[in-house]
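Chemist: Compute the structure for the input listed below.
(4 chains)
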2 protein chains.
Amino acid sequence: MPRAATTSDAFNAVAEPRRRDILNYLALQERAVGDIVDSLELEQPSVSKHLRVLRDVGLVHVRRDGRRMLYRTNAEAIRPLHEWSSTFERLWSNQLLRVKQRAELKSGTSNNSDHNIGQPRNTKQPKEDA
Amino acid sequence: MPRAATTSDAFNAVAEPRRRDILNYLALQERAVGDIVDSLELEQPSVSKHLRVLRDVGLVHVRRDGRRMLYRTNAEAIRPLHEWSSTFERLWSNQLLRVKQRAELKSGTSNNSDHNIGQPRNTKQPKEDA
DNA sequence: TTGACATATTCCTGTATGGGTATATGTTAT
DNA sequence: ATAACATATACCCATACAGGAATATGTCAA
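Modeler: Predicted structure coming up:
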């Protein structure tokens, strides 16, 4: 099986840098395709294709204005991504803290006691190691 | 050109659901490959391959323990993802707010005044529309 | 209707997957 | 040295890109 479709979810859609650029660009104002082409310096067909993907995943909204199509980022659709990454937020604080502590007191006192993100499905806790 | 390599950055690496599962699993404790295999119910070679990708992107740390390899999530490497998605945080609040406002007062008073994420490169502002 | 303008879609192609299976590499125990 | 255990790599394959070029679709203007 190849990689999952870019249209399968926000994670896959956003993996492409140009699409992130587009989302940034469309975050505050709705814009016409031509504006994206000019501003991001991409080929028009390329932009249309990227927009197609973003649209399929719900990352952008579209509206017709005469002959133009106005796109705008749908921030809501980015939330899952943000929430998933937030799961690790406190971890990197801890990790930095740990490094600090190790540097200050040169004794090996490890503190391990975070929260939920542990076992996903089976919850089949092996030995343990830290 | 096909899609960018999964090892090109965290965004691409994390696009694969199994890899996110693995990162979740390795978030709190370092674990041996076999434990991941058992817990996530994946084939061993598959897990090794995913770990290879995660390792190349710096999303996990490895350490040898006898014949076992102990992996652990490197939360730091997830930050870029979190920061990018955070850019849109206030937007979805605003969008929800807007919907609310529209529902309450049925007059069309749009408020547009966010922050930076607008033009990426050229800064070629078209008309305006909200 | 015809043409200009704006955007979308189609076709073609090289390539990097991810899964499955088999096998190589590395480490410990006997 | 040999076998068992733990992981990593190598192969093979079907597939979904993403870019480029050409063309189709849709809308407004004259």
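Chemist: drop to CA atoms for contacts and neighbour counts, all remaining ones
Modeler: OK.
Chemist: Pick out the residue nearest the middle of chain A.
Modeler: With distances taken as CA atoms, centre = their mean, A:Leu81 lies nearest the centre of chain A, 4.5 Å away.
Chemist: What pLDDT does the model give it?
Modeler: A:Leu81 carries a pLDDT value of 96.
Chemist: A:Tyr71 is in what secondary structure piece?
Modeler: Under the criterion of DSSP states H and E, A:Tyr71 resides in strand A:68-73.
Chemist: Mind listing what's buried along the longest helix along chain A?
Modeler: For chain A, the helix with the greatest residue count under DSSP state H is helix A:89-104. Buried residues in helix A:89-104, counted by 16 or more other CA atoms under 10 Å in any protein chain shown: A:89, A:91-92, A:94.
Chemist: do the same with stretch A:80-87
Modeler: Quick answer for stretch A:80-87 (16+ other CA under 10 Å): A:81-82, A:85-87.
Chemist: filter these down to the ones near chain B?
Modeler: Among the buried residues of stretch A:80-87, proximity to chain B is found for A:81-82, A:85-86 (CA under 8 Å from any CA of the partner chain).
Chemist: and stretch A:8-26 with DNA strand C, contact?
Modeler: No - Stretch A:8-26 is not in contact with DNA strand C by CA under 7 Å from any atom of the strand; minimum separation 9.5 Å.
Chemist: measure that stretch end to end?
Modeler: By CA to CA, to the nearest Å, the extent of stretch A:8-26 from end to end equals 21 Å.
Chemist: Then stretch A:35-46?
Modeler: Start-to-end span of stretch A:35-46 (CA to CA) is 13 Å.
Chemist: Of the buried residues of helix A:89-104, which are in range of chain B?
Modeler: Residues of the buried residues of helix A:89-104 in contact with chain B (CA under 8 Å from any CA): A:89, A:91-92.
Chemist: possible to save those as a markdown table with pLDDT?
Modeler: A markdown table is the format used below for these (pLDDT from 0 to 100):
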| residue | pLDDT |
| --- | --- |
| A:Glu89 | 92 |
| A:Leu91 | 87 |
| A:Trp92 | 82 |
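Chemist: Name the nearest of the residues you listed relative to chain B.
Modeler: A:Trp92 (5.0 Å; CA to the nearest CA).
Chemist: coming back round to it: pretty sure the residue nearest to the centre of chain A contacts A:Ala10?
Modeler: Yes - assessed by CA atoms under 8 Å, A:Leu81 is found in contact with A:Ala10 at 7.3 Å.
Chemist: Specify the local secondary structure of A:Arg63.
Modeler: Under DSSP: H, G, I helix; E, B strand; the rest coil, A:Arg63 falls in the strand class.
Chemist: count of residues packed around it?
Modeler: 13 (other CA atoms under 10 Å in any protein chain shown).
Chemist: Let me know the pLDDT of the closest residue in space to it that isn't next to it in sequence.
Modeler: Spatial nearest neighbour of A:Arg63, excluding adjacent residues (CA to CA, 6 or more residues apart in numbering or on different chains): A:Leu70 at 5.1 Å. Looking at A:Leu70, its pLDDT reads 98.
Chemist: do the same with A:Pro120
Modeler: pLDDT at A:Pro120 comes out at 41.
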